[in-house]
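Trainee: Predicted model and sequence follow; I will ask about them next.
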Amino acid sequence: MSPSAQAILGSWSFDPKIALGIVASLILYLRGWCVLHRQSPTRFPSWRLFAFVGGLAVVWLAIASPLDAFSGLLLSAHMVQHLLLMSVAPPLILLGAPLLPLLRGLPRKFARDGPGPFLISPALRQAGTAITHPLTCWIVMALTLCAWHVPAAFDLALRSPVWHKVEHACFFGASLLFWFPVVRPYPSRPQWPLWSVPVYLLAADLLNTALSAILTFSDHALYPQYLAAPRLFGTTALSDQSCAGVIMWVPGSLVFLIPAALIAIRYLSPGHLLVRPQKARPNPDFSLPLLTSQSAAVASVTPFHHWKPRSAVPKKGFDLLSVPVVGAFLRAQSGRRLMQAALLVIAIAVIVDGLFGSQISSMNLAGVLPWTYWRAFVVVALLAAGNFFCMACPFMLVRELGRRLGLQQHTWPQALRSKWFGIVLLVLFFWCYEVFGLWDKPIWTAWLIINYFLVAFAVDALFRGASFCKYVCPIGQFQFITSLVSPLEVKVREPGVCANCTTHDCLHGNERKRGCEMDLYVPRKSGNLDCTFCLDCVRACPHDNIGLMAVAPGIDVVRDPLRSSVGRLSRRLDIAALALVFVFAAFANAAFMTAPVVSFQDELAVRLGLSSPLPVTKVLLLIALVLAPAALAMIAARAGRTASHISVATRELLCRFSMSLVPVGVAMWAGHFLFHLNFGWDSVWTPVQRAATDIGWHLTNLPGLVPLSPLLGADTVLVLETVLLDAGLLLTLYLAWRIALVYTPRARDALCLFAPWAGVATILYAAGVWIILQPMEMRGLANTISLL
Amino acid sequence: MKYVRYLQVLLVPLLLELSSDDARADGGVVRLREARGPYVVTIFTASEPLRDSPEDVSVLIQRRDSSEAILDASVDLMFTPPPELAVEPIEQMCRQSEGALMSPPSAGQMTQFSVPATHKQASNKLLYAAPVRLGTTGRWQLEASIERGGEVVKLGCVIPVGSPPRRLTGLVPYLVLPPLMVSLFVINQCLRPRSSAKKR
């Protein structure tokens, strides 16, 4: 093969957005088709699957193959690309009857509650009927085809990649509509008789012929972009245009004529049963008889048919412990010990380097590992899976040591059996972090970790149970709140098995394994609150009935059952306060590193005649971490109660709705930590090399002192942070709305109850967007950059 | 269904790939088309290159006699900033504060620099392409140096680089998302009681 041919055939491109769309559609379709094929193999035979997959493949071919790479240079290549997008991919996709498989491919509950009401709405079905009416479809297609072939529009698409995508989207969307009355994908019903379809196609062919004739016979190049483009393969702009016209004319016409002929033959065949169109009224319906009771056959394969509670046997969800290798590793006590040991070694390295190493934070492991890496990895793990840091916590090892001393004779004082002590420590930590610049003082970081080990050891050596984790550890409290939006939860697999269990080993333990030290009885445990993912319950359960199951993130806070060892959230003001501190600290922590806030503190200090901005920082932090959350939550709870006229205590409303703010707080923490990780992702090599040199090792293979380069571009990180905030806000609003509905079924009252909390969430979101748009300090990396 | 689960794993790298902000759409507007020596050289850029944005500059080299694309040349692109270049305080991105540095300054180049253009960096493998970030607005000078068989041909053109939209403007599609989703949810909630009442 010649080099040119190789180059042409190798000119594939990759658009991740399109690829993501295609793969996601394929997964949804396959999931749904597998179910429907089992239920109704005649309705959903294998050829439908092949047609759909073929349609997606043609879309991919059109936009990723060399056709796309050459579409800006050759009109003929561009024409083939359009032909594939308009005349080949859409009918294939529609032959796959995609509506039902795509719906069934969605999670059942989401499909029922999300698109479900839209699909069964009479008004929207009527609109759907109008849109898929053959006349509408034909006109939309004709207008799209003509409009985009106007030279100004075509040239705009050639100049601008964005408009090129819009052009393709228009062609593809209009073609899906155009082919709809022809293919009549199940379960749509024809609105015109079958004999009209050949006429419909022939009319389209007439238009196609007219346009292609203009292209073929024009005596000048219609599109200036192609006139300016370099000529390839010995073509001229005019010959290329004529070739494009012929492609549009001949294969383009065949695409209309062949189906027209086949349908005409089918219509005229003696055995054909005339298909009469359904009357538009009284049940106008374009595609969804599935949601009416008209057709039992159709109903048997509807996505909603089986969504009533089917049987007492619950559907098993994803269980991480069932995954090969990973599950076995997590279950094994030695697996946990291995993770703890690894983190212990890192913690010791951080302590030693913090105490004895360079006190330039970016040159010290204590300045980089905890504040750039650890925080980000912890939040990513919590968002992607669950509370895995507590599982691998190195402080647990010294706790074990303390426990083995046999001094555990005391019970944790009743007065301290709440989250208040942990909240005070957490606020203190956030306050010290800003005021004393912990991130910039490796020796302080080292002492912080040493004290953590000492306190963990002392508390668990003297007190029974996991008092340190439950009542003291501020990191633990942070993780517990974040894990409310984690997708995994330690949960019972089959509730029926627990109903017959009399030993409750998961709680009390047995002679071989200990039970839950946090006093969580798994069958009555709800959510991740207070769960350290230690998996002691999993190991203790004699029925192997506990897993790390997938759950809908955050939904747990909507319910208010009597939770084992936690009680009802509506009665736990301390947990609500913890959630509020967690949420507001996320925004305060990020805001205090932005340039405007730093300037504001400086200015305020000057105005007050202070020599240092530190007192201002201290006061502002107290306001941000304690006063502002308390005041806003109180105002929101009172306002909601007054406006909705419900007779529920303000305290209870505050307790319940404060939990709904957690997602937006998690989003801000995640955005903030990922920002640091992104810009300092390779900052570890400098302190590692320095520390190694200090102890006499010369690591020459490490990158060493090189300029820090971000993992992702600044704009990409900004988008990522915004998307996280979007997701956090939307989940917060959803949870608040669901909680409001718990108190009142009337939408108007629920709205009054919900509105103040939605306001608080929106203020936080706006603050978050403002923060991420500000220039930020690269804490801990500054000195490296200035050294370089 | 087992295979569907495996297929789902594909979504992860695709999601990660979404974060890539490299420019790969070579081709675009013709900035220069000139016959020089034995070649006809065409230089393409985006129609409106923006400061600090990843932009693709691509070059097509053809034989003057046959229009056949030449694939074995070595192409270097030298960018010279506008003569009136003055570093504008666009945004207060870089600032010393109590020993700390604000987030990294503009990633775009501000001084004269040279990059090799290769087929590997091009989508259309007949072209030589190089992704660049130009760090200031104005009329940049581009000089393409083509070397083949010991013979060097140099051509130049001007690339007008415009200001990017404000950072907030770039976020608009993402900021519109929450109101849009809330609107859909409101419609969903309005439709729900009616449909269930109708069923009853």
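Mentor: Nice, I can see it.

Trainee: From now on I want contacts and neighbour counts done on CA atoms only, so please keep to that.
Mentor: Will do.

Trainee: Using the three-state scheme, assign the residue nearest to A:Glu167 when sequence neighbours are not counted.
Mentor: Leaving aside its chain neighbours, A:Glu167 sits nearest to A:Ala157 (6.7 Å; criterion: Cα to Cα, 6 or more residues apart in numbering or on different chains). Secondary structure, DSSP: H, G, I helix; E, B strand; the rest coil: A:Ala157 is helix.

Trainee: hang on, B:Pro173 is in a helix, isn't it?
Mentor: Yes. Counting by three-state DSSP, B:Pro173 is found in a helix.

Trainee: who does the host helix or strand of B:Lys154 pair up with?
Mentor: Element membership for B:Lys154 (DSSP states H and E) is strand B:151-161. Strand pairing for strand B:151-161, using DSSP bridges, gives strand B:138-148 (antiparallel).

Trainee: Can you point out the buried residues in the partner strand?
Mentor: Applying a neighbour-count criterion of 16 or more other Cα atoms under 10 Å in any protein chain shown, one finds B:138-146 buried in strand B:138-148.

Trainee: Alpha carbons of it, as CSV, please.
Mentor: Output of strand B:138-148 as CSV, limited to C-alpha atoms (Å, rounded to 0.1, in the frame of the first residue of the first chain):
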residue,chain,number,x,y,z
GLY,B,138,-2.6,40.2,18.4
ARG,B,139,-1.1,39.2,15.0
TRP,B,140,1.4,36.4,15.5
GLN,B,141,3.9,35.7,12.8
LEU,B,142,4.1,32.1,11.8
GLU,B,143,7.1,30.8,9.8
ALA,B,144,6.9,27.2,8.5
SER,B,145,10.2,25.7,7.8
ILE,B,146,10.0,22.6,5.5
GLU,B,147,13.1,20.4,5.1
ARG,B,148,13.2,17.5,2.7
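
Trainee: Identify the residues contacting that strand?
Mentor: Residues outside strand B:138-148 that contact it (Cα atoms under 8 Å, 6 or more residues apart in numbering or on different chains) are B:72-82, B:85, B:152-162.

Trainee: same thing but 7 Å
Mentor: Outside of strand B:138-148, the residues within contact range by Cα atoms under 7 Å, 6 or more residues apart in numbering or on different chains are B:73-82, B:152-162.

Trainee: Kindly report the same for stretch A:425-440.
Mentor: A:361, A:367, A:371, A:444-445, A:474, A:614, A:617-618, A:621, A:625, A:779-780.

Trainee: swap in stretch B:124-133?
Mentor: A:7-8, A:10-11, A:69-70, B:23, B:26, B:51-60, B:69, B:71, B:108-109, B:116-119, B:121-122.

Trainee: Am I right that A:Cys541 is in contact with A:His508?
Mentor: No. Applying Cα atoms under 7 Å as the test, A:Cys541 and A:His508 come out as separate, 10.1 Å apart.

Trainee: Between these two, which is the more surrounded one?
Mentor: A:Cys541 (22 against 18; other Cα atoms under 10 Å in any protein chain shown).

Trainee: so where do the strands sit in the chain?
Mentor: No chain was given, so I picked chain A. Remark: strands assigned in chain A by DSSP state E are A:488-492, A:546-550.

Trainee: wait, chain B
Mentor: Under DSSP E, chain B gives strands at B:29-36, B:39-45, B:54-63, B:74-80, B:96-97, B:100-101, B:113-117, B:128-133, B:138-148, B:151-161.

Trainee: would TSV of those strands with distance to A:Thr235 be doable?
Mentor: Putting the strands of chain B into TSV (distance: least, Cα to Cα, whole Å) gives the following:
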stretch	distance to A:Thr235
strand B:29-36	17
strand B:39-45	15
strand B:54-63	13
strand B:74-80	26
strand B:96-97	59
strand B:100-101	57
strand B:113-117	26
strand B:128-133	21
strand B:138-148	25
strand B:151-161	25
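
Trainee: By mean pLDDT, show me the worst of those.
Mentor: Mean pLDDT per stretch puts strand B:96-97 lowest among those, at a mean of 35.

Trainee: Out of the strands of chain A, flag the one nearest chain B.
Mentor: The closest of the strands of chain A to chain B is strand A:546-550. By Cα to the nearest Cα, the value is 14.6 Å.

Trainee: So which elements touch that closest one?
Mentor: Applying 3 or more Cα pairs under 7 Å, 6 or more residues apart in numbering or on different chains; DSSP states H and E, one finds that strand A:546-550 makes contact with strand A:488-492.

Trainee: Can you give me the buried ones in stretch A:654-662?
Mentor: For stretch A:654-662, the neighbour count (16+ other Cα under 10 Å) marks A:654-662 as buried.

Trainee: Could you measure from A:Met79 over to A:Ala157?
Mentor: Computed as Cα to Cα, to the nearest Å, the A:Met79 to A:Ala157 distance reads 13 Å.

Trainee: who touches the residue nearest to A:Ala552 when sequence neighbours are not counted in this structure?
Mentor: Excluding its sequence neighbours, the residue lying closest to A:Ala552 (Cα to Cα, 6+ apart) is A:Pro487, at 6.1 Å. With contacts defined as Cα under 7 Å, 6+ apart, A:Pro487 is in contact with A:383-386, A:550-553.

Trainee: hmm, back to that, okay if I get the contacts of stretch A:425-440 as a markdown table plus neighbour count and pLDDT?
Mentor: What follows is the contacts of stretch A:425-440, written out as a markdown table (neighbours: other Cα atoms under 10 Å in any protein chain shown; pLDDT from 0 to 100):
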| residue | neighbour count | pLDDT |
| --- | --- | --- |
| A:Ser361 | 27 | 85 |
| A:Gly367 | 31 | 88 |
| A:Trp371 | 21 | 89 |
| A:Trp444 | 19 | 92 |
| A:Thr445 | 25 | 92 |
| A:Pro474 | 23 | 93 |
| A:Leu614 | 16 | 88 |
| A:Thr617 | 22 | 90 |
| A:Lys618 | 15 | 91 |
| A:Leu621 | 23 | 92 |
| A:Leu625 | 25 | 93 |
| A:Arg779 | 24 | 59 |
| A:Gly780 | 30 | 53 |
